[in-house]
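> Sequence and predicted structure below; questions after.
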Amino acid sequence: MARNKIEIDETLDSEFNLAHLRRLMGYIGRYRRTMAATIVIMLVCAALGMLTPVILKQIIDVYIPARDIGGIIKISILFMLISLIIVSGLRIKITLTSRVGQGIIHRIRTDIFSHLQELPFAYYDDRPHGKIMVRVVNYVNSLSDLLSNGIVNTVTELCSLFFIIGFMLMYDVRLTLVCLIGLPILITVVFFIKTRQRRAWQILSNKTSNLNAYIAESMNGIRVAQSFVREEENIRIFNTLSSN
């Protein structure tokens with residue numbers, strides 16, 4: 001196998017694989033109760049958040065024209081209570097997802113470390129140390145964010161969308177249908193840019209891997225670079241990698 005140097009992009013053209021997704025979901029298995037509780041909390045917060053425009057409508061259309069100060073005070077207190085519940089729910093969500101994320105990072109990195117111990121020496125000879133570090137650090141952080149915040153946010157946003165559409169249909173069906181006219185166009189645009197976005201992310205990942213590999217190699221060999229007076233050449237290479 002040819003040595004993968006710091007200026008050579010790695011091949012990351014693998015297609016989406018459902019088996020890989022199932023394997024990733026296995027890391028969230030022990031946290032399923034925590035994730036379920038987080039999703040329930042966020043759904044409650046989303047449902048309560050839908051009441052905000054209803055309360056404001058009630059104040060503007062009913063209480064203010066009637067000059068009902070007592071009613072405004074009561075509904076304002078209700079609005080404050082709903083806001084406090086939403087803020088508390090968001091705080092709990094952040095705490096729970098952070099714990100889940102850190103737990104997933106710990107498990108994945110433990111598995112990766114165990115796997116790295118079993119790899120042959122040729123694997124380390126053919127790759128710069130910096131690129132291996134990127135896989136262990138950066139990629140794992142991305143996976144952790146996907147498995148913790150990504151799932152919760154996706155489920156919550158989808159349910160919020162259904163709540164919004166339900167409230168809109170309840171008040172005005174025709175206006176709701178007019179607002180939803182642009183939804184097919186949005187879905188088409190999303191599918192159109194999905195492939196390009198994936199490819200752009202792969203290019204960015206390759207360049208970041210090269211840059212981190214160069215930094216790691218430079219730090220480890222800084223005394224050698226100073227011995228051969230190669231500081232200016234290293235700075236030039238670093239600027240070239242950064243600009244790419």
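Looks like it arrived, so ask away.

> elements contacting the top helix by length along the chain?
Identified as the longest helix of the chain according to DSSP state H is helix 69-118. Secondary-structure packing of helix 69-118 (3 or more CB pairs under 8 Å, 6 or more residues apart in numbering; DSSP states H and E): helix 32-49, helix 51-58, helix 129-145. For glycine as for every other residue, the C-beta is placed from the backbone atoms N, C-alpha and C.

> The ones you listed into a markdown table, with extra columns for distance to residue 196?
Shown next, in a markdown table, are the helices and strands packed on helix 69-118 (distance: least, CB to CB, whole Å):
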| stretch | distance to residue 196 |
| --- | --- |
| helix 32-49 | 31 |
| helix 51-58 | 36 |
| helix 129-145 | 19 |
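
> Could you look up the SS state of residue 65?
coil (DSSP: H, G, I helix; E, B strand; the rest coil).

> who's in contact with it?
For residue 65, the contact set (CB atoms under 8 Å, 6 or more residues apart in numbering) is empty.

> The helices and strands packed on helix 69-118: which one's closest to residue 111?
helix 129-145 (9.9 Å; CB to CB).

> how many degrees apart are that closest one and helix 69-118 in direction?
Orientation check (axes from the mean of the first three to the mean of the last three CA atoms, to 10 degrees): helix 129-145 against helix 69-118 gives 140 degrees.

> Contacts made by the helix or strand that helix 129-145 is followed by with the rest, please.
Using DSSP states H and E, the helix or strand that follows helix 129-145 in sequence is helix 151-171. The contact list for helix 151-171 (CB under 8 Å, 6+ apart) reads 28, 35, 38-39, 42-43, 46-47, 49-50, 53-54, 93, 97, 175-176, 179-180.

> Derive a PyMOL selection command for the buried subset of those.
Selection of buried members from these for PyMOL, criterion 16 or more other CB atoms under 10 Å:
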select buried, resi 28+35+38+39+42+43+46+49+93+97+176
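
> Residue 115 and residue 152, how far apart?
Here the distance between residue 115 and residue 152 works out to 28 Å (CB to CB, to the nearest Å).

> what about the two, which has more around it?
residue 152 (19 against 9; other CB atoms under 10 Å).

> Low-confidence regions, this structure specifically.
1-17, 216-239, 241-244 (pLDDT under 70).

> can you rerun that using 90?
Where the chain drops to pLDDT under 90, the residues are 1-76, 78-79, 83, 86, 89-90, 93-244.

> Show me this structure divided up by domain.
16-171, 174-244 (automatic domain parsing).

> State the distance from the nearest residue to residue 213 once chain neighbours are set aside to residue 93.
Distances taken as CB to CB, 6 or more residues apart in numbering place residue 130 nearest to residue 213, at 3.1 Å, with adjacent residues excluded. Residue 130 sits at a distance of 35 Å from residue 93 (criterion: CB to CB).
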